[in-house]
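Visitor: here is a sequence with its predicted model. Questions after.
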Amino acid sequence: MKQQRPNNQQPRRDRRDIHGWIVLDKPIGMTSTQAVAVVKRLFSAKRAGHAGTLDPLASGGLPIALGEATKTVPFVMEGRKRYRFMVRWGEERDTDDSEGKVVRSNAERPSAEAICALLPQFTGLIEQTPPRYSAIKVQGERAYDLARDGEVVELAPRPVEIHQLSLVKQLDSDHSVFEAECGKGTYVRALARDIGRLLNCFGHICALRRTLVGPFGENDMIPLEELEALCNRAASGEGSLADALLPVETALDDIPALAVSRADAARLHRGQAVLLRGRDAPNSSGTVYVTVAGRLLALAEIGNGELIPKRVFNLTGLTASSGRNERI
């Protein structure tokens, strides 16, 4: 006998194979994990993941990989990030942002000239101690979980690279707006903390927006409301979910592409290496992404005259609209 579903229980939608990137313009107050869950539900996607955590306090670019795009997440995470952020002077907080408790304060306020004079010390390769409230693991536990439980968390400094750091605007004596472009592992909250300490006025982040993650900029971002509207239109037969997707290979912009024949593609798809010979054979080595008839096939390594598959893509299902270069 068929069981009846309770009246308050929504019918479960079948999960689908959907492959590509959504660059969500994440709203303030939402965690990165929550954002992934929302996008995964909207698309009824089988697999989803994000490329770089964005704090609940922050807004801006959160690249979300669907399906086979999850195999390219590391390439996005290795890319540069750009942030615009506001620092509130006079208070240092235990979270290094406005959500924490005040731990130090000072009536001193910095001038724009004093701030600019310090910025070269925070440019290039520097040593940075991550915030106590961060996702770094300490003996298997997240640092923020230990800190919330009242434990003293001591995190070791580590090298990070700041490619560019500038003072954009001095709003008033209490607030300054900065822009930073940095590499993997950099904490903007720690930048605000450390600059405030050297200025002897203390400071914390009170607004933060990410404007670039690897190949994804502000033109690629889609607000949650717009994404929900597009998914609703697609569900009623107006438009397609593919219109919201960026191709899987967008994450591989910095990697050379190599086209192969259908015969070689069949070998690579089976996990077999392909000999590279003839005048068109590349004389370089390293990672390439392989295409066949203009379609992404695999990530592979070139070495010793061979093309060795490392990650093979199976793009059966929904992918980005053909030739999609901008959001519709």
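Guide: Cool, the structure landed. Residues are numbered from 1 along each chain as shown.
Visitor: flag every buried residue along the helix or strand harbouring A37.
Guide: A37 is part of helix 32-43, with elements assigned from DSSP states H and E. If you call a residue buried by 16 or more other Cβ atoms under 10 Å, then helix 32-43 has these buried ones: 32, 35-36, 38-40, 42-43. Every residue, glycine included, has its C-beta placed from N, CA and C.
Visitor: try stretch 249-261
Guide: By neighbour count, with 16+ other Cβ under 10 Å as the criterion, the buried positions of stretch 249-261 are 249-252, 258, 260.
Visitor: now I255: how far from E108?
Guide: I255 sits 48 Å away from E108, taking Cβ to Cβ, to the nearest Å as the criterion.
Visitor: any low-confidence regions in the stretch 101-250 of the chain?
Guide: Screening the stretch 101-250 of the chain residue by residue with the criterion pLDDT under 70, one finds the ranges 133-152.
Visitor: give the other helices and strands that the longest strand along the chain contacts.
Guide: Ranked by residue count, the top strand of the chain under DSSP state E comes out as strand 158-170. If contacts are counted by 3 or more Cβ pairs under 8 Å, 6 or more residues apart in numbering; DSSP states H and E, strand 158-170 sits against helix 112-118, strand 124-128, strand 175-182.
Visitor: so what are the sheet partners of that strand and their directions?
Guide: For strand 158-170, the paired strands and their directions (DSSP bridges) are strand 124-128 (antiparallel), strand 175-182 (antiparallel).
Visitor: what are the contacting residues of the first one?
Guide: With Cβ atoms under 8 Å, 6 or more residues apart in numbering as the test, strand 124-128 has contacts from 157-162, 186-187, 190-191, 194.
Visitor: can you pick the most crowded of those residues?
Guide: Within the contacts of strand 124-128, L191 tops the neighbour count with 26 neighbours, counted by other Cβ atoms under 10 Å.
Visitor: what's the closest non-adjacent residue to it?
Guide: Distances taken as Cβ to Cβ, 6 or more residues apart in numbering place F122 nearest to L191, at 6.2 Å, with adjacent residues excluded.
Visitor: need the contact list for the one you found.
Guide: Contacts for F122 were tallied using Cβ under 8 Å, 6+ apart; they are 162, 165, 191, 194-195.
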